[in-house]
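**Student:** my questions concern the predicted model and sequence given below.
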Amino acid sequence: METIKQWEEIPDFDGEEEEAKFWMDHELDGRLMAGSIHQPDSRESTTITLRFDPRMLSRIKRIARTRFLNYQSMMKQWLAERLEDELRKQ
C-alpha cells in the first residue's frame, strides 16, 4: 500500500472505476487528513439578529437545557444540519 503524503500526488481520474483502482493500492497519510480538517475560527462568524416569538424561544431553550447545551449553539447545529440536507437535495 502506497501512502499519499501530498494532495498533488493524487492524479486526475477519467472515471470512478479508474479512481477505485487507484485507491485499492493507495491510502492518505493521517497527517494529510488531519491538516485538511477545517477548524472553525470564531473570527469567521458574523453576528446576526433574529426575532422569535417568546414562546418559541422558551421552548428552544427548554430543549437545549434537557440536552445540556447552550441554546444558541444548538440552534446553529440545527441550521447546519438543515443546510447540509438542503444541499444534498440539489
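**Tutor:** Great, that's in hand. Numbering: from 1, shown residues only.

**Student:** from here on, contacts and neighbour counts on C-alpha atoms
**Tutor:** Noted.

**Student:** quick one: the strands in this protein?
**Tutor:** For the chain, applying DSSP state E gives strands covering 2-4, 26-28.

**Student:** partner strands of the first one, parallel or antiparallel?
**Tutor:** Strand 2-4 has the following strand partners under DSSP bridges: strand 26-28 (parallel).

**Student:** list the buried ones in the helix of greatest length in the chain?
**Tutor:** Scanning the chain for the longest helix, with DSSP state H as the assignment, gives helix 71-89. The neighbour-count check on helix 71-89 (16 or more other C-alpha atoms under 10 Å) flags 71, 74 as buried.

**Student:** against which helices or strands is that helix packed?
**Tutor:** Taking 3 or more C-alpha pairs under 8 Å, 6 or more residues apart in numbering; DSSP states H and E as contact, the helices and strands that helix 71-89 lies on are helix 54-66.

**Student:** what lies in contact with the helix it packs on?
**Tutor:** 70, 71, 74 (C-alpha atoms under 8 Å, 6 or more residues apart in numbering).
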